[in-house]
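**Q** give the three-dimensional model of this entry:
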Amino acid sequence: MKENTNNVNNRAIGERIRDKREKLRLTREEFAEILELSPLYIGQLERGERRMSLDTLVKISDCLYISTDHLIYGKTPENDIEKNKINTLLNKCSKNELSLVEKIIRLILSHRKNEDRNTKK
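**A** Next up, the predicted model:
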């Protein structure tokens, strides 16, 4: 099967990586260290000179708190923006705080299910 790479623009992907890295105030060296990759390789990715593996794409996406869709296509669904904001806040929470947040979310979801059941009646 022939690989379809017509829609993948490595230069644009690299620009999105660099832009987000700089917004997070990470140097290329710091970013490379976090990812356990070389700064030279990161520079090549940011200039669109190299392709990355799926594993590297996911590591970069996780580190930058952006979806792989956004990295590849430059599109960020509205839900992803909100999820990223929440994810950034969650990363600052302690284990106890995360447990409390989980309980709150479960309570909200159960309340919503009850409302949905009552509406259907």
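**Q** in the chain, where is pLDDT below threshold?
**A** Counting by pLDDT under 70, the chain contains low-confidence residues at 1-6, 76-78, 116, 119-121.
**Q** need the contact list for the residue nearest in space to the middle of it.
**A** By Cα atoms, centre = their mean, the chain has its centre lying nearest to Ile66, at 2.4 Å. Taking Cβ atoms under 8 Å, 6 or more residues apart in numbering, we find Ile66 in contact with 16, 20, 76, 80, 84. Any C-beta I mention is one placed from the backbone N, CA and C, and that applies to glycine too.
**Q** now do 6 Å
**A** Counting by Cβ atoms under 6 Å, 6 or more residues apart in numbering, Ile66 touches Lys20.
**Q** and what of Asn9?
**A** Going by Cβ under 6 Å, 6+ apart, the list of residues near Asn9 is empty.
**Q** next, the residue nearest to the centre of the chain: phi, psi?
**A** The phi/psi pair for Ile66 (degrees, to the nearest 10) reads phi -130, psi 160.
**Q** repeat for Glu46
**A** According to degrees, to the nearest 10, Glu46 has phi -70, psi -30.
**Q** could you give the number of residues near the closest residue to Leu24 other than its chain neighbours?
**A** Of all residues not flanking Leu24 in the chain, Leu64 sits nearest, at 6.8 Å (Cβ to Cβ, 6 or more residues apart in numbering). Neighbours of Leu64 under the rule other Cβ atoms under 10 Å: 21.
**Q** name the helices or strands packed onto the helix ranked longest in the chain?
**A** Counting residues, the longest helix found in the chain (DSSP state H) is helix 95-120. Packing partners of helix 95-120 (3 or more Cβ pairs under 6 Å, 6 or more residues apart in numbering; DSSP states H and E): none among the helices and strands.
**Q** quick one: the residue nearest to the centre of the chain and Leu45, what's the gap?
**A** 14 Å (Cβ to Cβ, to the nearest Å).
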